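1. Predicted model and sequence below, questions to follow.
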Amino acid sequence: MSSLPETDEDAQWMLRVKRGGSDAPEALARLVERWKQPVIHFLFRSLPDAEEAEDLALIVFTQLWKSAARYQISARFSTFLFTIARNLCLNELRRRARHPAVSLDEPHGDDEAHPFRQIEDARQVSADELLQRGELVSKINEALAALPEKQRTAIILCRDTDLSYDEIAEILGTSIPATKSLIHRGREVLRTRLKPYLKTGDWNSSPSE
Amino acid sequence: MNPRPKPGEEPAAWRESVWKGRRDSKKSAASTGASTGASSGDGTWTPGQQAEMEAELALDYLLGMLPTAIAPTNLATRVLNEVAREDRSQRWGGPSWVPGQAWQWARRIGLRPVGIAFALSLAVGGVLSQRSLEKRLLMAREVAEVTEVTAVAGVDILRNFDAISALGADARMHPSDVDLMAAMVPLAQ
């Protein structure tokens, strides 16, 4: 217990889950409540399908319960959880590669008969703008999906979660400099692939104002 | 948070902070004018670094356009239900028993009775096999005895004229069968 920081509440909850006493379900529920948003966000960015992300999140937390016995007191809870999430996500992507399927909900850029997925936006936007934005989102997702898995995971974990470089490195099984290098190279590739959209200068304007 | 570098901020440190995501980069960039090279912090950045900064900010803005997934409010309940279901199925087999967990079920519940049943079948099989062996040995012994009693002289005896004449002599005297047999056996050997 000496190596465990007193402020690391998650590790304390995880230890209760590991002990498997009567308060274990309550501890698991608290962990789910605390971590469900970053986990689903990470899965959604990686897949990217909201319903599958939700289903996979359920499996991630169930796996967390099953793997509780393997949790080491010295390990950070965040790295333990995201390692599980990453592995399950990798399995899902491999399964998809083996059995490709066409989703009826996925946007089809070249087919006008299939509308793009609606994107929540508080602003009043025209159908054209929605369409253009849907296409742009689709291009960004394609560019992200085309990255090597480690680069993509590093970028998503870095940008969309509060994990430190140290934690990301542990999840990826690399060093901190190697993690930063992965992010740098991945973003360079993204900038190259999305160059036409970067050049538009849209990001400089402020449509909401 | 202003995405633009603060005065004296190192390019590498600034870049890493952008990597961490600045969702309000668009608004901040717009409010600062966002002209390339116009606000490069303390002015020590090279044009190349400024161009990279602009590209990083633009990419960050694009990534910020991706929709966000909202976690369902009942996820914890669903997880607990799933955990309870799996726990039940592993412990008892239950109605939600699935083939993939059959081995776990067998290990937890079935192995001991199966082991006992296997040992019992071995013992019963051993006893039955011993009895069968004994029966066959007894039968073999009886067959051997019968064979010994009914052993008679072979056809070769007919080639022996001494025996034939002895038989003829015996026949005239009407000897008993036992005497005949006694007369034939030495001849047959």
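-> Received the coordinates, thanks. Numbering: from 1, shown residues only, chains lettered A, B, ... in the order given.
2. biggest helix in chain B by residues?
-> helix B:111-149 (DSSP state H).
3. I'd like to know which elements it is packed against.
-> Judged by 3 or more Cβ pairs under 8 Å, 6 or more residues apart in numbering or on different chains; DSSP states H and E, helix B:111-149 has no packing partners among the helices and strands. The C-beta positions use only the backbone N, C-alpha and C, and glycine is treated the same way.
4. next structured bit after the one helix or strand B:Leu63 maps to?
-> Assigned by DSSP states H and E, B:Leu63 falls within helix B:47-64. Once helix B:47-64 ends, the next helix or strand along the chain (criterion: DSSP H and E) is helix B:75-92.
5. export that next one as PDB, just CAs?
-> C-alpha atoms of helix B:75-92 as PDB (Å, rounded to 0.1, in the frame of the first residue of the first chain):
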ATOM      1  CA  LEU B  75     -24.200   2.100 -18.300                       C
ATOM      2  CA  ALA B  76     -23.200   1.300 -14.700                       C
ATOM      3  CA  THR B  77     -26.500  -0.600 -14.100                       C
ATOM      4  CA  ARG B  78     -26.000  -2.500 -17.400                       C
ATOM      5  CA  VAL B  79     -22.400  -3.400 -16.400                       C
ATOM      6  CA  LEU B  80     -23.600  -4.700 -13.000                       C
ATOM      7  CA  ASN B  81     -26.300  -6.700 -14.600                       C
ATOM      8  CA  GLU B  82     -23.900  -8.200 -17.100                       C
ATOM      9  CA  VAL B  83     -21.400  -9.000 -14.300                       C
ATOM     10  CA  ALA B  84     -24.100 -10.600 -12.200                       C
ATOM     11  CA  ARG B  85     -25.300 -12.700 -15.200                       C
ATOM     12  CA  GLU B  86     -21.800 -13.900 -16.000                       C
ATOM     13  CA  ASP B  87     -21.100 -14.600 -12.300                       C
ATOM     14  CA  ARG B  88     -24.300 -16.700 -12.100                       C
ATOM     15  CA  SER B  89     -23.600 -18.600 -15.200                       C
ATOM     16  CA  GLN B  90     -20.100 -19.400 -14.100                       C
ATOM     17  CA  ARG B  91     -21.200 -20.600 -10.700                       C
ATOM     18  CA  TRP B  92     -24.300 -22.600 -11.600                       C
END
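6. pLDDT averaged over that helix - what is it?
-> The average pLDDT for helix B:75-92 rounds to 84.
7. and chain A, what are its domains?
-> Partitioning chain A according to automatic domain parsing yields domains covering residues A:1-106, A:124-200.
8. got those as a markdown table, with mean pLDDT, distance to chain B and mean neighbour count columns?
-> A markdown table is the format used below for the domains of chain A (pLDDT from 0 to 100; distance: least, Cβ to the nearest Cβ, whole Å; neighbours: other Cβ atoms under 10 Å in any protein chain shown):
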| stretch | mean pLDDT | distance to chain B | mean neighbour count |
| --- | --- | --- | --- |
| domain A:1-106 | 85 | 4 | 17 |
| domain A:124-200 | 88 | 4 | 17 |
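9. and of the ones you listed, who's closest to B:Leu80?
-> domain A:1-106 (5.5 Å; Cβ to Cβ).
10. what about that closest one, distance to the chain center?
-> Relative to the chain's own centre, domain A:1-106 is displaced by 11 Å; criterion: Cα atoms, centre = their mean, to the nearest Å.
11. ok, back up a step: out of the domains of chain A, the one nearest B:Pro11 is which?
-> domain A:124-200 (12.1 Å).
12. Identify each of the strands in chain A and give its residue range.
-> With strands called from DSSP state E, chain A shows none.
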